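**Q** Using only what follows, build the 3D model:
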Amino acid sequence: MMTRDSIISIFEEMADAYPDQKVKGKSMPYLSLNGNMFGFISKENQLVLRLSKEDRAAFLSSFEGSEIFQHGVLMKDYVAVPTSLLEDKEGLAGCFEKCWTNATSLKPKPSKKK
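**A** Numbering: from 1, shown residues only. Next comes the predicted model:
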């Protein structure tokens, strides 16, 4: 079993490959683009990625990933990354690229800051 710190380290390493991406949040580290969260680490120490409908279906059939439930609700666009993929940097980088591509296609959310 990987530690939370090692999962955060992997998450930060993946984020560093993309422009202006830094992991935010302390209790729930996450990444967002244009107001849309596209990756986070859950309370259960799972790396979670947001994928397109097609990539999500392919991911669930190719890896031992699983759907994500938060507060009893299915997060329909997200998948949990299995430990075996966390240990495969090349494979994880490919999944992260699909996650990033999906994030760049999402409609920006307006800022709530005033």
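
**Q** Neighbouring strands - and their directions - for the lowest-mean-pLDDT helix or strand in the chain?
**A** None of the helices or strands of the chain scores lower by mean pLDDT, DSSP states H and E than strand 66-70, at a mean of 90. Sheet pairing of strand 66-70 (DSSP bridges) gives strand 73-80 (antiparallel).

**Q** What's the mean pLDDT across the strand it pairs with?
**A** For strand 73-80, mean pLDDT is 94.

**Q** Let me see the mean pLDDT of the helix or strand that that strand is followed by.
**A** Next helix or strand after strand 73-80 toward the C-terminus (DSSP states H and E): helix 83-86. The pLDDT scores in helix 83-86 average 94.

**Q** how far does helix 83-86 sit from the chain's center?
**A** 13 Å (C-alpha atoms, centre = their mean, to the nearest Å).

**Q** what's the answer for stretch 9-21, then?
**A** For stretch 9-21, the distance to the chain centre is 11 Å (C-alpha atoms, centre = their mean).

**Q** Name the residues that touch that stretch?
**A** Applying C-beta atoms under 8 Å, 6 or more residues apart in numbering, the contact partners of stretch 9-21 are 22-23, 29, 31, 33, 39, 41, 47, 86, 89, 92-93, 96, 100. All C-beta atoms are positioned from the backbone trio N, CA, C, and that covers glycine.

**Q** For it, list every residue counted as buried.
**A** Under the neighbour-count criterion of 16 or more other C-beta atoms under 10 Å, stretch 9-21 has I10, F11, M14, A15, Y18, Q21 buried.

**Q** which of the contacts of stretch 9-21 are buried?
**A** Among those, those scoring as buried are V23, P29, L31, L33, G39, I41, L47, L86, L92, F96, W100 (criterion: 16+ other C-beta under 10 Å).

**Q** ok, now how distant is the fourth one from K24?
**A** Read it as L33. 11 Å (C-beta to C-beta, to the nearest Å).

**Q** hang on, N45 packs against S6?
**A** No. Counting by C-beta atoms under 8 Å, N45 stays clear of S6, with 9.5 Å between them.
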